[in-house]
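Trainee: Take this sequence and fold it.
(one chain, ligands or ions: 1)
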Amino acid sequence: MANADAVLSQFTQAIEEEKVDCSRKLKIGIIGTGWIAEAHIESYKNMPDVEVVAAADLIPGKAEAFMKKYGVEGVRFYPSHKELIDNEPDLDGVSICTYNTAHAEPAIYALDHGVNVLLEKPFTVTTEEAIEVMRAEKRSGKVLSIGFQPRGDENMQNIKTVVQSGALGKIYYIQTGGGRRRGIPNSTFIEKSTGGIGALGDIGCYSLDVVLNAIGYPKPLTVSGYKSAFFGTNPKYATPDKFHTAEENAARFSVDDFAAAFVRLEGDIILDFRISWAMHADTPGDTIIFGTEGALRIPSTDCWNGTFTKPMTLYHDVAGNHVETTIPLIPHKGPGLFDIKIRGFLDAIKNGTPAPVPTSQIIYNQAIIDGICKSADLGREIEIDIPEI
Ligand SMILES: NC(=O)c1ccc[n+]([C@@H]2O[C@H](COP(=O)([O-])OP(=O)(O)OC[C@H]3O[C@@H](n4cnc5c(N)ncnc54)[C@H](O)[C@@H]3O)[C@@H](O)[C@H]2O)c1
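Mentor: The predicted structure is shown next:
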């Protein structure tokens, strides 16, 4: 928790109240009141045009204790997403903060009842689920935004600006990924029935988003994937929690802790990807984007969580000379990344504008993650097939 607080609350400047139209308060519900819901409620409390009216959790008493901890009064409580949506006809939006395997069902239920949705990352576990969510999104005409708060980081935005400036020429190869020497989570992250996917869904989706967003989210065509779980299943490396010893968590561990893939993207671009919750190295490598006119190196950080800690380097030629240009880190001045994410969702609801992080992009992120799992299970390369929505 302390780690999440440190990461998510590192930028604390408040949303400027005078710029927000408070003539009508948006009624918001929170579905799933676990760890990440804490960041959501803190941000909603910072929004002058929001009233959090309802909360749901499967665990009896959890939502009540959560709202008490955050000092939010007047909230109605429900035992699951279904009762919350059924009994709150005036809701403007919900934050879906459930574990990965419980993303699709509440999202579809909310959209089908005309409620706008901010859905935590990763989009879903499988591509099939994501497609069903997108069909509900289309039927409803409501906002559905996926919770990638690093999109609000100026350094991530700058990667896109550099790539889109043409400084790299035509992009043909990307190496990306990240990970931690030791950093296996516990709780609902490590079981297939709740997490569904491991490092891939937890941090892999961020690494993919950094580069795919920069190059305009081309469609993935084929993937040859690998995944393993040598660390999570070993009591030596498993992480104990309030309810389980390291031995017990090693026995519960049923997702990936490492994955690698070779992905072909539309536009003749190769994506070489690896992600790790634990390994015997400090990093699986920097992110490098190769183009015909230049290359960009983005130094590896502990994990892709919205923090960029070292400057990027642009490699190019000037009049036949090999030149390396340092692109300094941009200090973050605005509101926190979570406040930006929540504000973007609220503004899309109020203004009828597109979702800040649209499913039309993230479906490709999801298809790569799911493709890696399916290819790894089959032990061969597969084609990525994304049906019409
Ligand atoms: N954006 C970020 O920085 C970030 C960080 C951490 C986690 N996450 C994502 O947030 C999600 C939740 O993670 P977490 O660590 O908070 O998990 P968690 O297990 O702590 O909390 C999830 C809660 O959802 C509840 N729940 C499940 N199904 C429900 C349903 N149908 N109705 C009501 N409640 C339900 C569970 O009982 C649990 O209390 C995950 O998908 C994770 O990937 C995002």
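
Trainee: F231 and the ligand, how far apart?
Mentor: Computed as Cβ to the nearest ligand atom, to the nearest Å, the F231 to the ligand distance reads 19 Å. To be clear about C-beta, it is placed using only N, CA and C from the backbone, and glycine gets the same treatment.

Trainee: got a list of what that residue touches?
Mentor: Contact partners of F231, counting by Cβ atoms under 8 Å, 6 or more residues apart in numbering, are 184, 237-238, 257-258, 277-279.

Trainee: out of those, who's nearest P354?
Mentor: Using Cβ to Cβ, W277 comes nearest to P354 of the contacts of F231, at 33.2 Å.

Trainee: thought the closest one was touching R181?
Mentor: No: in this structure W277 lies outside contact range of R181 using Cβ atoms under 8 Å: 9.9 Å.

Trainee: does the ligand sit close to whichever strand or helix holds V162?
Mentor: In the assignment (DSSP states H and E), V162 maps to helix 154-164. No: against the ligand, helix 154-164 shows no contacts by Cβ under 6 Å from any ligand atom, the least distance being 13.6 Å.

Trainee: in the sheet, who's paired with M312?
Mentor: I327 (DSSP bridges).

Trainee: Okay, it and the ligand: tell me how far apart.
Mentor: With distances taken as Cβ to the nearest ligand atom, M312 is found 22 Å from the ligand.

Trainee: before we move on, what about F253?
Mentor: Between F253 and the ligand the computed distance is 15 Å (Cβ to the nearest ligand atom).

Trainee: Any stretches of the stretch 251-389 of the chain with poor pLDDT?
Mentor: 302-306 (pLDDT under 70).

Trainee: Now the phi/psi pair for the most centrally placed residue in the chain, please.
Mentor: Taking Cα atoms, centre = their mean as the criterion, K121 is the residue nearest the geometric centre of the chain, at 3.6 Å. Main-chain dihedrals, K121, degrees, to the nearest 10: phi -80, psi 160.

Trainee: Give me the neighbour count for S254.
Mentor: Neighbours of S254 under the rule other Cβ atoms under 10 Å: 16.

Trainee: what's the answer for A319, then?
Mentor: Every residue meeting other Cβ under 10 Å relative to A319 is counted, giving 5.

Trainee: ok, now which ones touch it?
Mentor: By Cβ under 8 Å, 6+ apart, the contact list for A319 is empty.

Trainee: if I look at it, how far off is S165?
Mentor: To S165, A319 is 19 Å away according to Cβ to Cβ, to the nearest Å.

Trainee: Please work out which residue of the stretch 151-300 of the chain is closest to the ligand.
Mentor: Using Cβ to the nearest ligand atom, T188 is the residue of the stretch 151-300 of the chain that sits closest to the ligand, at 3.5 Å.

Trainee: what's the burial count for that residue?
Mentor: Neighbour count for T188, taken as other Cβ under 10 Å: 18.

Trainee: What separation is there between the residue nearest to the centre of the chain and D370?
Mentor: In this view, K121 and D370 are 14 Å apart by Cβ to Cβ.

Trainee: Reduced to three states, what does the residue of the stretch 151-300 of the chain closest to the ligand come out as?
Mentor: The three-state label given to T188 by DSSP: H, G, I helix; E, B strand; the rest coil is helix.

Trainee: wait, what's in contact with it?
Mentor: Going by Cβ under 8 Å, 6+ apart, T188 touches 34, 99, 194-195.

Trainee: How far away from the center of its chain is stretch 115-132?
Mentor: Its chain's average C-alpha position is 11 Å from that of stretch 115-132, according to Cα atoms, centre = their mean, to the nearest Å.

Trainee: That stretch and the ligand in contact?
Mentor: Yes: using Cβ under 6 Å from any ligand atom, stretch 115-132 reaches the ligand at 120-121.

Trainee: Buried residues in that stretch, which are they?
Mentor: Neighbour counts over stretch 115-132 (16 or more other Cβ atoms under 10 Å) mark 115-127, 129-132 as buried.

Trainee: Which of these fall within helices?
Mentor: 127, 129-132 (DSSP state H).

Trainee: In a helix, T101, correct?
Mentor: Yes: under three-state DSSP, T101 sits within a helix.

Trainee: Help me confirm that it comes into contact with G195.
Mentor: Yes: contact status for T101 versus G195: in contact at 7.2 Å, counting by Cβ under 8 Å.
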